[in-house]
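In: The following block contains a protein sequence and its predicted model.
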Amino acid sequence: EVQFVESGGGLVQAGGSLRLSCVVSGYTFDDGDIGWFRQAPGKDREGASCIASSGDGSTYNTDSVKDRFTIFRNSPKNEVYLQMNNLKPEDTAVYYCAPCTIVAGKIVKLDFGSWGRGTQVTVSS
């Protein structure tokens with residue numbers, strides 16, 4: 001069974017930082033790329049960052065998080081992380097990790113496993 005367990009969210013002031021973690025089971029980074037998605041209140045879930053499964057682990061970030069968020073992975077531990085710096089109130093959302101791919105410049109979830117519970121990130125102004 002494929003499972004994603006996210007943690008590390010919390011309440012932070014604008015300009016602050018958080019590091020999210022995701023423990024992945026039933027899916028290895030050899031199977032495909034892995035990424036972070038987020039869903040803000042009243043909005044659709046969107047892809048934020050995606051890291052390649054092999055090679056140099058190239059990354060892709062959506063425009064709204066570029067130069068502020070960094071995705072990286074620990075393959076032996078099967079964990080993926082999201083370092084978030086210079087957080088803004090508009091980053092407030094529930095964050096999820098899931099397999100990803102890039103379609104027409106947009107990060108989308110691969111049809112592989114269900115969503116985890118996510119972790120809440122709240123940024124105050």
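Out: Now that the structure is in, tell me what you want to look at. Numbers count the residues shown, from 1 in each chain.
In: tell me which residues in the longest strand seen in the chain are buried?
Out: Scanning the chain for the strand with the most residues, using DSSP state E, yields strand 93-103. Buried positions in strand 93-103, judged by neighbour count with 16 or more other CB atoms under 10 Å: 93-101. No exception for glycine: its C-beta is placed from N, CA and C like everyone else's.
In: how far away is the residue nearest to residue 57 when sequence neighbours are not counted from residue 19?
Out: Residue nearest to residue 57 in three dimensions, not counting chain neighbours: residue 51, with 5.5 Å by CB to CB, 6 or more residues apart in numbering. Residue 51 sits 15 Å away from residue 19, going by CB to CB, to the nearest Å.
In: got a list of what residue 5 touches?
Out: 22-23, 25, 116-117 (CB atoms under 8 Å, 6 or more residues apart in numbering).
In: for residue 15, same thing?
Out: Residues in contact with residue 15 (CB under 8 Å, 6+ apart) are 86-87.
In: do you know how far it is from residue 65?
Out: Noted for residue 15: a distance of 15 Å to residue 65, by CB to CB.
In: Check what pLDDT the spatially most central residue of the chain gets.
Out: The chain has residue 36 as the residue nearest its centroid, 1.7 Å off, counting by CA atoms, centre = their mean. Here, the pLDDT recorded for residue 36 equals 98.
In: That one: which element?
Out: Using DSSP states H and E, residue 36 maps to strand 34-39.
In: the inter-axis angle of that strand versus strand 93-103?
Out: Counting by axes from the mean of the first three to the mean of the last three CA atoms, to 10 degrees, strand 34-39 points 130 degrees away from the direction of strand 93-103.
In: So residue 61 sits against residue 69, correct?
Out: Yes - with contact defined as CB atoms under 8 Å, residue 61 counts as touching residue 69 (6.0 Å).
In: so what sits against both of these two?
Out: Here residue 61 and residue 69 have 48-49 as joint contacts, going by CB under 8 Å, 6+ apart.
In: For this protein, which residues score under the pLDDT cut-off?
Out: Low-confidence segments of the chain (pLDDT under 70): 55.
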